[in-house]
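Student: sequence below, structure please.
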Amino acid sequence: MDLKRIMVKCSGVLNCIALLAVIQSANNTCVWIVHQPQFPDTAYKYKKIK
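Tutor: The predicted structure is shown next:
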């Protein structure tokens, strides 16, 4: 199996992991008291409570 085919297969898995991270962070607040980073507007569509 060549490197390009491996990268194509791994990219799908990495995309799913990134999407799950966005969904999880859209529904949680920052655990630090004094810092809540700016949340991207495009990620608000994944929030459960709007």
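Student: and the helix or strand encompassing Leu20, how far out from the chain middle?
Tutor: Per DSSP states H and E: Leu20 is located in helix 3-26. Helix 3-26 sits 9 Å away from the centroid of its parent chain (C-alpha atoms, centre = their mean, to the nearest Å).
Student: buried residues in that helix, which are they?
Tutor: For helix 3-26, the neighbour count (16 or more other C-beta atoms under 10 Å) marks Ala26 as buried. For every residue, glycine as well, the C-beta is placed using N, CA and C.
Student: what does it rub up against?
Tutor: For helix 3-26, contacts defined as C-beta atoms under 8 Å, 6 or more residues apart in numbering pick out 39, 43-44, 46-47.
Student: again, only using 7 Å
Tutor: Applying C-beta atoms under 7 Å, 6 or more residues apart in numbering, the contact partners of helix 3-26 are 43-44, 46-47.
Student: distance of the most centrally placed residue in the chain from Lys9?
Tutor: In the chain, the centroid-proximal residue (C-alpha atoms, centre = their mean) is Val22; its distance is 2.7 Å. Using C-beta to C-beta, to the nearest Å, Val22 is found at 22 Å from Lys9.
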